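What follows is a protein structure lacking sequence information:
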């Protein structure tokens, strides 16, 4: 894509009330726009990142047999009365239709939709297990939303629900989801600082598990066992007597972190109130066992930026970068532009995703600053100097040094 | 995909309160589930249809230089005060945050987000025109929602907004969008019964235009000029003196129809209140001219079903069918199953989208009934009879007669 055609432009300053680093950089880069606290618009570059994250998650969910659905945002109040969460869930947006006088909930999660939905299919032990996921927007009436994309009032989430006949089958799948989550966070470029973290299990289990990514921008405190590569959430560290649940040792390191995913064994917590049962081999009806598994996509995108940036801007991992290459021409003269046009043609023909800074009224300094702020993996410069060597100057965003190469040498490196 | 693994199953009956034909068939087929009036869950088959519709629309929007974004559902009340629509728009869902006491609107449309967003980029005449679209869920507090997917309280919509320096440029693009819409409705299989329809233009234009699809399920009345292949909406037929706006003749035919898309010249209606201006060649600031162009995706899906069904079920156009082929084995015996497994392997290897009814406990009658109800373009049956001829029985959903062919002959026909 040609940058001159992209409607979003970079900005020198983020809004003054935006204190989080992830949102400052994403807003300055024209990735997102802040409509109000905790609510962001995704502009073309930001949407490209979001879709890459979505694709990674969708592929890994499909790999563990997830079937994709799309559940509504509007949920009936009655379903939340059935589970008893109407008055205990502390961030529900609730409102009443002017016409029907029905009261609606804006879905912050979808157990109250998926469990009653599953009662409609007359399922027997032969049909189970079933794994259902969606990637869909969620709403939470957050008291405070100051962490940019890390804590939104509206945000995209992948939620997976599993349905089983026996507890050991739930356990088995729960372990599979752990593997899938590890793969997702690795692919998204934050695997090296993301830890399986023991958290409160609620009524039904000893523990639930979260995935916590180390960053000073995080609102959570975790205690890391470097021996086992797992962590303990602050909320259970006292119960846990400050020791690792795996090796039992007490040598834990306190860190700030952000929760990028969580997995729960719900067991019969939601199947019982909705009468979600299956016909077992002996003909009896038994409540299904459920698990639920979430990943917040906006938060994941914000976390990637918190982990991968420097003073000049974002440093996207290849897997989620909106474009792989930021091509530009610098210096005046038609020759430079023509040469750069040719490079753009060659790269896009080869299927490389290129944003081409073809602006004629921007200085070299402005173009370099934009490339650093936007943070694509490769910067490619065409100038008289590079043309003298019949080449292009290539530089990784994550490295300091640039080098001159021919276009075909560069294609080889890609 | 194997049908035995699909969690949704067909149902004999739709819910009693579901009076619309599109929702009855889509619910019975397991395409969608009704959560409450006007609010549907998309199950795997329904989501596949929705994604195909989405892809058609996205491709055609990209063809006319649309840049994709994703705007929030939550909108600040203040923006609706700015445009004066807070109290005049009759289907707004409004509510107040418990914590912040801010009042939010659930977006039924996005002029109140896109116009102020565009003020942030300091645009000059050189940057225009700009075309921005999104495919995103919308909310309307409908007084009545009895038409299934034709009128929802929550639904997906493609909304495109264009920004121009001069009225003639807006006019030119408006004509381009007309062509793109024609292509979209043709590709979605309803072009032959969809008419450009003159409707009220509001304050700024003589007319706006709608796309109306003929169906008895429609809630609108239009007057069709068969000579010009255009129609007039009931709302302006009196002003229009019952004559065609193109040829002037009065020989119009009254029809029931559903509005599947609309296009408006907004001109400066939303740019002025938000101060959305551009720097013109002479250095002066002028308000941008805007157009907006919508297509409801749920409604489009429901309309396709209203247009393409018979007594036995849906008859999907190839372009939006969730699978191209419904393969099944009938009769007992391992040989039949093994042969059908082989056909499934061959077809999927060739990239054909196949739902394979591999159920061993379903009768031939049940399988045929499911194939008719689900309505994929091709039904392929493997039985002892077809195996005797080393073949498969193929039948188009839209035709009565089946014929026996070899698998490679069938691949040729596809």
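Here it is on my side, so go on. Please read these numbers as outputs of a predicted model, since none were measured by experiment. Residues are numbered from 1 along each chain as shown, chains lettered A, B, ... in the order given.

in the sheet, who's paired with the residue of the stretch 151-300 of chain A found nearest chain B?
When scored by CB to the nearest CB, the stretch 151-300 of chain A has residue A:154 as its residue closest to chain B, at 5.0 Å. Bear in mind the C-beta positions are built from the backbone N, C-alpha and C, glycine included. With DSSP bridges as the criterion, residue A:154 is bridged to residue A:139.

Apart from its chain neighbours, what residue comes closest to the residue of chain A found nearest chain B?
In chain A, the residue that lies nearest chain B is residue A:95 (3.4 Å; CB to the nearest CB). Using CB to CB, 6 or more residues apart in numbering or on different chains and skipping residues adjacent in sequence, the residue nearest residue A:95 is residue B:95, 3.4 Å away.

quick one: the one you found and residue A:94 touch, right?
Yes. Counting by CB atoms under 8 Å, residue B:95 does reach residue A:94; the two are 7.2 Å apart.

Same drill for these two, tell me which one is more crowded.
Between residue B:95 and residue A:94, counted using other CB atoms under 10 Å in any protein chain shown, residue B:95 has the larger neighbour count: 19 against 15.

For residue B:145, see how far away the residue nearest to residue A:95 is.
Between residue B:95 and residue B:145 the computed distance is 19 Å (CB to CB, to the nearest Å).

In chain A, where is pLDDT below threshold?
Along chain A, segments meeting pLDDT under 70 span A:203-204.

quick revisit: so in that sheet, which strands flank the helix or strand containing the residue of chain A closest to chain B, and in what orientation?
Element membership of residue A:95, judged by DSSP states H and E, is strand A:93-96. Pairing partners of strand A:93-96, with direction, according to DSSP bridges: strand A:103-106 (antiparallel).

How about residue A:153, nearest residue that isn't a chain neighbour?
residue A:38 (3.6 Å).

likewise residue A:97?
Going by CB to CB, 6+ apart, residue A:97 has residue B:141 as its nearest residue, at 5.3 Å.

At which residues are the helices of chain A located?
In chain A, the segments counted as helices under DSSP state H are A:21-28, A:44-63, A:77-83, A:111-118, A:167-187, A:234-237, A:297-307, A:334-349, A:364-374, A:384-388, A:407-413.

Now do the last one: distance to the chain's middle.
Looking back up the chat, that one is helix A:407-413. 31 Å (CA atoms, centre = their mean, to the nearest Å).

do the same with the shortest one
Between the centre of helix A:234-237 and the centre of its host chain there is 25 Å, according to CA atoms, centre = their mean.

domain parsing for chain A?
With domains defined by automatic domain parsing, chain A comprises A:3-310, A:325-413.

if you compare those, which one is most tucked away?
Highest mean neighbour count among the domains of chain A (mean count of other CB atoms under 10 Å in any protein chain shown): domain A:3-310, with a mean of 19.

which ones are touching residue A:43?
With contacts defined as CB atoms under 8 Å, 6 or more residues apart in numbering or on different chains, residue A:43 is in contact with A:7-8, A:30-33, B:69.

Take those residues and lay them out in CSV including distance to residue A:400.
Shown next, in CSV, are the contacts of residue A:43 (distance: CB to CB, whole Å):
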residue, distance to residue A:400
A:7, 32
A:8, 28
A:30, 25
A:31, 24
A:32, 28
A:33, 32
B:69, 34
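
Nearest to residue B:410 among these?
Checking those against residue B:410 with CB to CB, the nearest one is residue B:69 at 42.7 Å.

Correct me if wrong: the closest one contacts residue B:134.
Yes. Using CB under 8 Å, residue B:69 is in contact with residue B:134, at 5.1 Å.

Run through the strands of the stretch 101-250 of chain A in chain order.
Here the stretch 101-250 of chain A has its strands, by DSSP state E, counting those that start in this stretch, at A:103-106, A:130-139, A:154-164, A:194-200, A:207-214, A:220-225, A:230-233.

Which residue, other than its chain neighbours, is closest to residue A:61?
Counting by CB to CB, 6+ apart, the nearest residue to residue A:61 once its immediate chain neighbours are dropped is residue A:133, at 4.8 Å.

which residues does the one you found bridge with?
On the basis of DSSP bridges, residue A:133 is bridged to residue A:68, residue A:160.

how much space is there between it and residue A:233?
According to CB to CB, residue A:133 stands 24 Å off from residue A:233.

now for the contacts of residue A:43, which pair is the farthest apart?
So, the contacts of residue A:43 by CB to CB: farthest apart are A:7 and A:32, at 13.9 Å.

for residue A:66, what are its contacts?
Under the criterion of CB under 8 Å, 6+ apart, the contact list for residue A:66 reads A:131-133, A:160.

what's the closest non-adjacent residue to it?
Closest to residue A:66 by CB to CB, 6+ apart is residue A:133, at 4.2 Å.

okay but that neighbour is in contact with residue A:162, surely?
No. Residue A:133 sits out of contact with residue A:162 when judged by CB under 8 Å, with a separation of 9.3 Å.

Name all residues that make contact with the nearest residue to residue A:52 once chain neighbours are set aside.
Spatial nearest neighbour of residue A:52, chain neighbours left out: residue A:320 (4.6 Å); criterion: CB to CB, 6+ apart. Shown in contact with residue A:320 (CB under 8 Å, 6+ apart): A:49, A:52-53, A:56, A:188-189, A:301, A:304.

Export those residues as a markdown table, with columns for distance to residue B:81.
As requested, those are arranged in a markdown table below (distance: CB to CB, whole Å):
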| residue | distance to residue B:81 |
| --- | --- |
| A:49 | 33 |
| A:52 | 37 |
| A:53 | 35 |
| A:56 | 41 |
| A:188 | 40 |
| A:189 | 42 |
| A:301 | 32 |
| A:304 | 37 |
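
quick one: residue A:199 from residue A:85, how far?
19 Å.

How about the residues of the stretch 51-200 of chain A by chain B?
Neighbours of chain B within the stretch 51-200 of chain A, by CB under 8 Å from any CB of the partner chain: A:65, A:67-76, A:93-95, A:97-100, A:102, A:104, A:106, A:113, A:117-118, A:120-123, A:127, A:130, A:132, A:137, A:139, A:141-144, A:153-154.

Show me how far the strand ranked longest in chain A is from its chain's centre.
Counting residues, the longest strand in chain A under DSSP state E turns out to be strand A:253-267. Relative to its chain's centre, strand A:253-267 lies at 14 Å (CA atoms, centre = their mean).

give the contact list for residue A:339.
Counting by CB under 8 Å, 6+ apart, residue A:339 touches A:329, A:382, A:387.

Swap in 7 Å and give it another go.
Applying CB atoms under 7 Å, 6 or more residues apart in numbering or on different chains, one finds that residue A:339 lies in contact with A:382, A:387.

same question, the one 4 residues further on
With contact taken as CB under 7 Å, 6+ apart, residue A:343 is in contact with A:327, A:380, A:382, A:392, A:407.

Apart from its neighbours in sequence, what residue is nearest the third one?
Counting by CB to CB, 6+ apart, the nearest residue to residue A:382 once its immediate chain neighbours are dropped is residue A:340, at 4.0 Å.
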